[in-house]
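>>> Okay, here's the prediction I keep looking at, along with the sequence it came from:
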Amino acid sequence: MSQLVDKAKNFVAEKVANIKKPEADVTDVDLKHVSRENIEYGAKVAVNNPYSHSIPICEISYTFKSAGREIASGTIPDPGSLRANETTMLDVPLKVPYNILVSLARDIGRDWDIDYELGVGLTIDLPIIGNFTIPLSKKGEIKLPTLSDIF
């Protein structure tokens, strides 16, 4: 009897492992808004849903790092759902306070940009499997606004 149960477990595990899962990619990180308190950047995340029905997104979590330091982080609860058989574009807003930018002065002073690493966790609710997190990361650089951008 235990052999039959083991065979059933292996069969189910093999089938679940071969199920197509949504795939995602951070496509862009750009300056969105400059205020007197912070700079807001926007990350665009493209998520491809291979299923014939929409999938609810439980949450989006993110960390925004520069020079090995976390400069922004947060979660976006219940941002909507992924459209069926399509690629859905998600916007992830990143607010960076000016006082953190001042602490990164050495990196900024060299070339007036921020070398960054963005980590995004996209948690979706898949049928049968349950909550599934797609980890994403992107490295790059963002040019800082000049005084003419602020005023």
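Ah, there it is.

>>> so where do the helices sit in this structure?
2-17, 98-103, 105-111, 147-150 (DSSP state H).

>>> pLDDT on the last one, on average?
Just to be clear, that refers to helix 147-150. Here helix 147-150 scores 59 as its mean pLDDT.

>>> helices and strands of this protein: which one has the lowest mean pLDDT?
helix 147-150 (a mean of 59; mean pLDDT, DSSP states H and E).

>>> Tell me the spacing between R83 and S35.
32 Å (Cβ to Cβ, to the nearest Å). The way it works is simple: take the backbone N, C-alpha and C, and place the C-beta from them, glycine included.

>>> Identify the bridge partners of the closest residue to E23 other than its chain neighbours.
In this structure, E23 finds its nearest non-sequential neighbour in N48, 5.0 Å apart by Cβ to Cβ, 6 or more residues apart in numbering. The residues listed as beta-bridge partners of N48 by DSSP bridges are E23, T87.

>>> What about N48, how many residues nearby?
N48 has 15 neighbouring residues, counting by other Cβ atoms under 10 Å.

>>> so how far is C58 from it?
As judged by Cβ to Cβ, N48 and C58 stand 18 Å apart.

>>> and if you look at H33?
From H33 over to C58 (counting by Cβ to Cβ), the distance is 27 Å.

>>> Quick check on the two: which one has the bigger neighbour count.
Shown here are H33 and C58; by other Cβ under 10 Å, C58 has more neighbours (17 against 12).

>>> in this structure, which residue is closest to the centre?
What sits nearest the mean C-alpha location of the chain, by Cα atoms, centre = their mean, is V120, with 2.7 Å.

>>> Looking at N18 now. What's its pLDDT?
The model's pLDDT for N18 equals 61.

>>> for N131, that is, sorry about that
85.

>>> Quick check: bridge partners of it?
D125.

>>> Identify the residues contacting it.
Contacts for N131 were tallied using Cβ atoms under 8 Å, 6 or more residues apart in numbering; they are C58, T123, I124, D125.

>>> hmm, try it at 7 Å
Residues near N131 by Cβ atoms under 7 Å, 6 or more residues apart in numbering: C58, T123, D125.

>>> what does N38 give?
Contacts of N38 by Cβ under 7 Å, 6+ apart are K95, V96, P97, Y98.

>>> Between those residues, which sits nearest Y116?
Among these, V96 lies closest to Y116 (Cβ to Cβ), at 9.6 Å.
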